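J.: below: sequence and its predicted model.
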Amino acid sequence: MHHFRFRKNQLYCENVKVEDIAKKFGTPIYIYSLKTLIEHYRKIKNAFHSINPLICFSVKANSNLSVLKVLAKRGAGMDVVSGGELFKALRVGVNPKRIVYAGVGKSEREIASAIKAGILFFNAESFPELALIDRVARRLHERIDVCLRVNPDVDPHTHKFIATGKATNKFGLDMYTAEEIFLRSRIFSHLNLCGIHIHIGSQITQAQPFVKAIKKALTLINRLRAKKISLKYLNIGGGLGIVYRNEKPQTAEDFARAVLPLLKKAKLRIILEPGRFIAGNSGILVSKVTYVKTTPNKNFAIVDAGMNDLIRPSLYDAYHEILPLELNSHGHRTTKYDIVGPICESGDFLAKNRSMPVLEAGDLLAVMGAGAYGFTMSSNYNSRPRAPEVLVHGNTCSLVRKRETYQDLVKNEIISKGL
Ligand code: LLP
């Protein structure tokens with residue numbers, strides 16, 4: 001599954017002892033396993049090889065340049081949702097014809113830079129957005145491919161904050177409106193409306209919601225075909241769930257087995273946009289216990305990583321496994337702790353009521369499954385410099401992002417004159 005394993009009671013990332021990395025670069029720190037990243041990318045690629053889809057890694061999950069480069073070098077395209085993500089993908093040499101651009105709020109400037117870069121297509125989500133892309137394309141004397149993101153109104157059975165394919169979500173166009181737009185596409189003289197995009201949510205553990213959504217997309221494709229509108233692309237988005245705790249998510253093969261017959265029927269170029277599946281279990285966040293505090297109600301392990309480093313527990317009540325880097329270092333007894341950060345918010349926690357070996361100040365802990373939506377969602381809240389990132393490859397580890405400094409915290413600020 002992943003390459004974070006215990007050897008002689010010590011946690012290793014591939015062949016490097018995690019404690020050595022923590023000691024060398026300090027904590028908190030993100031550590032990624034290159035082998036795990038590549039293996040997960042290949043799992044999807046192999047499962048779908050019979051239709052040779054374009055696999056666009058969802059950059060929002062992990063936008064570290066080295067991570068992007070590892071995937072790009074192996075043929076991955078990129079799914080971007082901002083000018084910044086586009087910039088990063090281009091920076092590592094991703095072929096623009098392997099970049100797709102989604103998001104409900106693309107600005108005029110972002111649209112222009114994507115057209116100039118020569119991306120494969122936009123995934124558009126509303127009529128006014130189509131009108132804007134059309135205007136920008138006209139100004140640039142280009143004609144650009146666009147897929148319409150449809151909202152298939154299926155329940156992905158995931159956390160409500162990461163469900164996107166229900167009718168009440170802000171994403172996509174309902175089927176009826178999408179069809180109307182395809183039928184009237186001539187009004188957009190500089191757009192080539194040539195595909196359908198669906199993305200119903202994230203951390204989806206069963207194939208069924210995907211099957212339902214793809215069936216709805218096929219219905220639309222067939223209705224359009226009957227009206228002589230032919231398409232090039234079907235983009236089925238991302239959303240594959242991973243193991244954080246005791247989930248039993250579908251494997252890439254299970255997923256492929258369930259959806260391939262449908263995708264083959266579509267007879268279109270298929271795009272996938274996995275993020276978490278590739279990056280999630282490829283990374284951990286390592287943190288040090290600063291204090292152990294016992295109150296009449298609870299034991300708190302106060303660690304040096306907070307919600308500014310990893311917000312998923314605070315934001316979604318997400319479960320991340322937390323392991324000591326050394327097993328049994330203080331015997332076999334366990335106690336329950338709230339594992340909390342240094343941020344001045346009661347919502348700043350990494351785990352609640354978690355049974356852990358007895359902890360002491362100075363102990364190092366690994367927060368597992370932090371490779372996706374970990375660093376990318378981190379912030380400088382409480383003026384805390386963001387953590388460094390390290391990429392491990394076999395016996396070697398390289399610093400791929402430096403720890404921010406206090407100077408970084410103020411580098412864009414201007415103290416107004418006359419204060
Ligand atoms: N495609 C589109 C259009 C998306 O919006 C997303 C994720 C993906 C692909 C990739 O989804 P994935 O394969 O990673 O599930 N911050 C949340 C997850 C938000 C996902 C947003 N969209 C979390 O930490 O759980």
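T.: Alright, I've got the coordinates. Quick caveat: nothing in here was measured; it's all calculated off a predicted structure. Numbers count the residues shown, from 1 in each chain.
J.: switch to C-alpha atoms for all contacts and neighbour counts from now on
T.: Will do.
J.: ok, longest strand in the chain?
T.: With secondary structure taken from DSSP state E, the chain has its longest strand at strand 283-294.
J.: is that one in proximity to the ligand?
T.: No - between strand 283-294 and the ligand, judged by CA under 6 Å from any ligand atom, nothing touches; the nearest distance is 13.3 Å.
J.: my guess is Lys17 meets Leu11, correct?
T.: Yes - Lys17 lies in contact with Leu11 (CA atoms under 8 Å); the separation is 6.2 Å.
J.: mutual contacts of those two, please.
T.: Jointly contacting Lys17 and Leu11 under the rule CA atoms under 8 Å, 6 or more residues apart in numbering is no residue at all.
J.: between the two, who's got more neighbours?
T.: Legend: neighbour count by other CA atoms under 10 Å for Lys17 and Leu11, higher for Leu11 (23 against 18).
J.: that one reaches Val18, doesn't it?
T.: Yes - counting by CA under 8 Å, Val18 is a contact partner of Leu11 at 5.9 Å.
J.: what touches both of those two?
T.: Residues touching both Leu11 and Val18 (CA under 8 Å, 6+ apart) are Leu325.
J.: still on that earlier bit, after the longest strand of the chain, next one along is what?
T.: Next helix or strand after strand 283-294 toward the C-terminus (DSSP states H and E): strand 299-303.
J.: which elements pack onto that following strand?
T.: Counting contacts by 3 or more CA pairs under 8 Å, 6 or more residues apart in numbering; DSSP states H and E, strand 299-303 packs against strand 283-294, strand 334-340.
J.: quick one: contacts of the longest one?
T.: So the one you mean is strand 283-294. For strand 283-294, using CA under 8 Å, 6+ apart, the contacting residues are 22, 27-33, 299-305, 359-372.
J.: in helices only, show me these.
T.: Among those, the members falling in helices (DSSP state H) are Ala22.
J.: quick one: buried residues of stretch 252-264?
T.: Going by neighbour count (16 or more other CA atoms under 10 Å), the buried part of stretch 252-264 is Ala252, Phe255, Ala256, Ala258, Val259, Leu260, Leu263.
J.: Val400 is in contact with Ala387, isn't it?
T.: No - the pair Val400 / Ala387 is not scored as a contact, 11.1 Å apart, by CA under 8 Å.
J.: so these two - more neighbours on which side?
T.: Per other CA under 10 Å, whichever of Val400 and Ala387 has more neighbours is Ala387, with 26 against 18.
J.: could you confirm the more buried one falls within a strand?
T.: No - the assignment for Ala387, made by DSSP: H, G, I helix; E, B strand; the rest coil, is coil rather than a strand.
J.: which ones are touching it?
T.: Residues near Ala387 by CA under 8 Å, 6+ apart: Thr27, Pro28, Ile29, Tyr30, Asp309, Phe375, Lys402, Arg403, Glu404.
J.: per-residue pLDDT, the fourth one?
T.: Spelled out, it's Tyr30. If you check Tyr30, the pLDDT there is 99.
J.: what about Ile221, which helix or strand?
T.: Here Ile221, judged by DSSP H and E, is contained in helix 208-226.
J.: tell me which residues are up against the helix or strand following that helix.
T.: Heading C-terminal from helix 208-226, the first helix or strand you meet, by DSSP H and E, is strand 233-235. By CA under 8 Å, 6+ apart, the list of residues contacting strand 233-235 from outside reads 147, 194-198, 266, 268-273.
J.: mean confidence score for the helix or strand containing Asp408?
T.: Using DSSP H and E, Asp408 sits within helix 406-410. Averaging pLDDT along helix 406-410 yields 98.
J.: do stretch 144-163 as well
T.: Stretch 144-163 comes out at a mean pLDDT of 89.
J.: what residues does the protein put near the ligand?
T.: Looking at the ligand, the residues of the chain close enough under CA under 6 Å from any ligand atom are 58, 61, 102, 162, 199, 202-203, 237-240, 273-277, 312, 373.
J.: what residue lies at the spatial centre of this protein?
T.: Nearest residue to the geometric centre of the chain (CA atoms, centre = their mean): Ala61, 2.0 Å.
J.: so that residue makes contact with Phe277?
T.: No - the pair Ala61 / Phe277 is not scored as a contact, 9.4 Å apart, by CA under 8 Å.
J.: quick one: Tyr41 and Gly280 touch, right?
T.: No - between Tyr41 and Gly280 there is no contact under CA under 8 Å: 11.5 Å.
J.: the two - which one has more neighbours?
T.: The neighbour comparison of Tyr41 against Gly280 (other CA under 10 Å) goes to Gly280, with 27 against 23.
J.: ends of stretch 198-212, how far apart?
T.: Counting by CA to CA, to the nearest Å, you get 11 Å between the two ends of stretch 198-212.
J.: scratch that, stretch 290-299
T.: Terminal residues of stretch 290-299 are spaced 13 Å apart (CA to CA).
J.: do the same with stretch 139-154
T.: End-to-end for stretch 139-154, by CA to CA: 38 Å.
J.: ditto for stretch 412-419
T.: Criterion CA to CA; first-to-last residue distance in stretch 412-419 is 18 Å.
J.: next: stretch 322-335.
T.: 14 Å.
J.: list of residues touching it?
T.: 9-11, 18-19, 351, 354-359, 363-368.
J.: one more pass at 10 Å, please.
T.: Stretch 322-335 has contacts (CA atoms under 10 Å, 6 or more residues apart in numbering) with 5-12, 17-19, 22, 284-288, 299, 339, 350-351, 353-360, 363-369.
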